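let's see this in three dimensions:
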Amino acid sequence: MKSFLQLSKETEKKLDRQLEKKELVFLQWVYERYKREQEIEKLNA
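Numbers count the residues shown, from 1 in each chain. Coordinates of the predicted model:
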């Protein structure tokens, strides 16, 4: 799994600009949600 730092840097590269604060907050929320879902799937497997 990628770290949040990797994910944010890749996103900035794809957009060819730095992310705004609100975008970073949203990306952090998405990342945390993804991590939780992955942990739940592991427990259910």
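
let me see the contact set for the residue nearest the centre of the chain.
Nearest to the mean C-alpha position of the chain, counting by CA atoms, centre = their mean, stands Y31 at 3.2 Å. Taking CB atoms under 8 Å, 6 or more residues apart in numbering as the contact definition, Y31 lies against F4, L7. C-beta here means a position set from N, CA and C on the backbone, and glycine is covered the same way.

let me know the helix or strand that it is in.
Here Y31 sits within helix 21-44, counting by DSSP states H and E.

pull the CA atoms of that helix into CSV?
Only the C-alpha atoms of helix 21-44 are listed here, as CSV (Å, rounded to 0.1, in the frame of the first residue of the first chain):
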residue,chain,number,x,y,z
LYS,A,21,-5.0,22.7,1.5
LYS,A,22,-8.6,21.6,1.0
GLU,A,23,-7.5,19.1,-1.6
LEU,A,24,-4.9,17.6,0.8
VAL,A,25,-7.6,17.3,3.5
PHE,A,26,-9.9,15.5,1.1
LEU,A,27,-7.1,13.2,-0.1
GLN,A,28,-6.2,12.4,3.5
TRP,A,29,-9.9,11.5,4.2
VAL,A,30,-10.0,9.2,1.1
TYR,A,31,-6.7,7.6,2.0
GLU,A,32,-7.8,6.9,5.6
ARG,A,33,-11.2,5.5,4.4
TYR,A,34,-9.3,3.2,1.9
LYS,A,35,-7.0,2.0,4.7
ARG,A,36,-10.0,1.2,7.0
GLU,A,37,-11.8,-0.7,4.2
GLN,A,38,-8.7,-2.7,3.4
GLU,A,39,-8.3,-3.7,7.1
ILE,A,40,-12.0,-4.8,7.2
GLU,A,41,-11.5,-6.9,4.1
LYS,A,42,-8.4,-8.6,5.7
LEU,A,43,-10.4,-9.4,8.8
ASN,A,44,-13.3,-10.9,6.8
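
for it, give the mean pLDDT please.
Across helix 21-44, the average pLDDT comes to 95.

pull out the buried residues from that helix.
By neighbour count on 16 or more other CB atoms under 10 Å, the buried set for helix 21-44 is L27, Y31.

chain center to that helix, what's the gap?
6 Å (CA atoms, centre = their mean, to the nearest Å).
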